[in-house]
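A.B. asks: coordinates for the following, if possible.
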Amino acid sequence: VQLQASGGGLVEAGGSLRLSCAASGFMLDDYAIAWFRQAPGKEREGVSCRRSTDGRTYYADSVKGRFTVSRDNAKNTAYLQMNSLKPEDTAVYYCAANTYDPRLRREYNYWGQGTQVTVSS
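C.D. replies: Numbering: from 1, shown residues only. Here you go, the predicted structure:
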């Protein structure tokens with residue numbers, strides 16, 4: 001079971017990035033998926049998640065209206081579309097998957113390796 005996150009980079013404030021999380025060894029559509037981020041000196045926080053049962057999505061207040069979580073079952077890949085990026089979005093972003101739905105709590109069993117997102121002002 002493996003998650004591979006990618007798509008991070010350096011972007012100016014107001015720009016966009018799309019993060020990808022490719023799953024191998026299991027079918028992502030059977031799992032709840034989530035994106036977390038961790039900025040230097042801060043705890044890892046939940047950004048967005050998508051339930052496996054009904055596809056309902058949840059977002060942290062800080063990213064509502066700007067980020068969108070989605071999934072492509074054919075590619076066994078989850079995505080985080082990030083628009084209107086702000087310098088405070090700078091962090092290492094992690095994808096996670098779990099057989100039940102912890103929403104934005106850190107109770108996920110499977111984690112990707114993280115991808116750096118840097119937003120310049």
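A.B. asks: return the set of residues that bridge with the residue most central in space within the chain.
C.D. replies: Nearest to the geometric centre of the chain sits residue 35, at 2.4 Å (Cα atoms, centre = their mean). Judged by DSSP bridges, the bridge partners of residue 35 are residue 48, residue 95.
A.B. asks: ok, now which ones touch residue 77?
C.D. replies: 20, 21, 22, 23, 28, 71 (Cβ atoms under 8 Å, 6 or more residues apart in numbering). (C-beta placed from N, C-alpha, C; glycine too.)
A.B. asks: quick one: which of those residues is nearest residue 106?
C.D. replies: Closest approach to residue 106 among these (Cβ to Cβ): residue 21, at 16.1 Å.
A.B. asks: could you find the closest non-adjacent residue to the closest one?
C.D. replies: residue 95 (3.4 Å; Cβ to Cβ, 6 or more residues apart in numbering).
A.B. asks: burial check on that neighbour, number of neighbours?
C.D. replies: Neighbours of residue 95 under the rule other Cβ atoms under 10 Å: 31.
A.B. asks: right, and it touches residue 32 too?
C.D. replies: No. Using Cβ atoms under 8 Å, residue 95 makes no contact with residue 32, being 11.5 Å away.
A.B. asks: joint contacts of those two?
C.D. replies: By Cβ under 8 Å, 6+ apart, no residue touches both residue 95 and residue 32.
A.B. asks: okay but the residue nearest to the centre of the chain is in contact with residue 97, surely?
C.D. replies: No. Between residue 35 and residue 97 no contact is recorded; they are 10.8 Å apart, counting by Cβ under 8 Å.
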